[in-house]
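Participant: just coords:
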């Protein structure tokens, strides 16, 4: 089991950040992701494995500053 | 200096040698920079390509005589008028992924104060790649007015924070008070982080 923004999702071997975002329903173009507090670059989403028990944060970035 | 006579104990000494980067000198960046200088941060690195327009005056820390001036130059003048001893590195330029490390490499911490979400994204990525052990404090969701209770600080990484409501879009318009609250949330967190031993 992992948590994505506090929501529980099932875990499987080989789970990547891309898988997690797809399964959680995140398809935002402008998103920042950390896994267990470590930043994951977008280019690495497809290769970055998410370990069992991971705390994933996915932040949708908004215009305005 | 008497300017810091009412500071929180220990703050002036802790902040004097600290360097903060401010990426973007609009609503978030200009207001955060003012708060940081008033707190006693010793050096700021300011970067922005833009000039002050009348439409900025509803929320950015500029005044009517600044219209037409480069934001970095105008903001530096205002900051020196608050504390003449503050050291300011002024960069009138476009910030791009390729110059983030060069511009802000000396900073202990970066305030992300961009307007566009896509730029926020690559700035965070560039900073985290170049300086994985240094803090970056971002603004995210500050449009509209009221709804103060929706504004919060969210830590998503060891060195990555977001301040704002995380959801409002620009179509709501921008209100001076709400923009300044988020800018000051960023500055307040930055001061807290910089005061750590």
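Facilitator: All right, it came through fine. Since we're looking at a predicted model, the values are computed, not measured. Numbering: from 1, shown residues only, chains lettered A, B, ... in the order given.

Participant: how about the closest residue to residue B:15 other than its chain neighbours, phi and psi?
Facilitator: Computed as Cβ to Cβ, 6 or more residues apart in numbering or on different chains, the closest residue to residue B:15 that is not its neighbour in sequence is residue B:40, at 4.3 Å. To be clear about C-beta, it is placed using only N, CA and C from the backbone, and glycine gets the same treatment. Per-residue torsions, residue B:40: phi 110, psi 10 (degrees, to the nearest 10).

Participant: and chain B, which residues reach chain A?
Facilitator: B:24, B:26-29, B:112-118, B:120-121, B:124-125, B:128-129, B:132, B:138-143, B:154, B:156-158, B:160, B:162, B:164, B:166-170, B:174, B:179 (Cβ under 8 Å from any Cβ of the partner chain).

Participant: Buried members of those into PyMOL, please.
Facilitator: Buried members of the residues of chain B next to chain A, defined by 16 or more other Cβ atoms under 10 Å in any protein chain shown, are picked up in PyMOL with:
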select buried, chain B and resi 24+26+27+28+29+112+113+114+115+116+117+120+121+124+125+128+138+139+140+141+142+143+156+157+160+162+164+166+168+170+174+179
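
Participant: Just the ones of the residues of chain B next to chain A in helices?
Facilitator: Residues of the residues of chain B next to chain A located in helices (DSSP state H): B:27, B:28, B:29, B:117, B:118, B:120, B:121, B:124, B:125, B:128, B:129, B:179.

Participant: Let me know the pLDDT of the fifth one.
Facilitator: What that stands for is residue B:118. Listed pLDDT for residue B:118 reads 94.

Participant: got a list of what it touches?
Facilitator: Contact analysis of residue B:118 by Cβ atoms under 8 Å, 6 or more residues apart in numbering or on different chains lists A:29, A:30.

Participant: give me that answer again for 10 Å
Facilitator: A:29, A:30, A:61, A:63 (Cβ atoms under 10 Å, 6 or more residues apart in numbering or on different chains).
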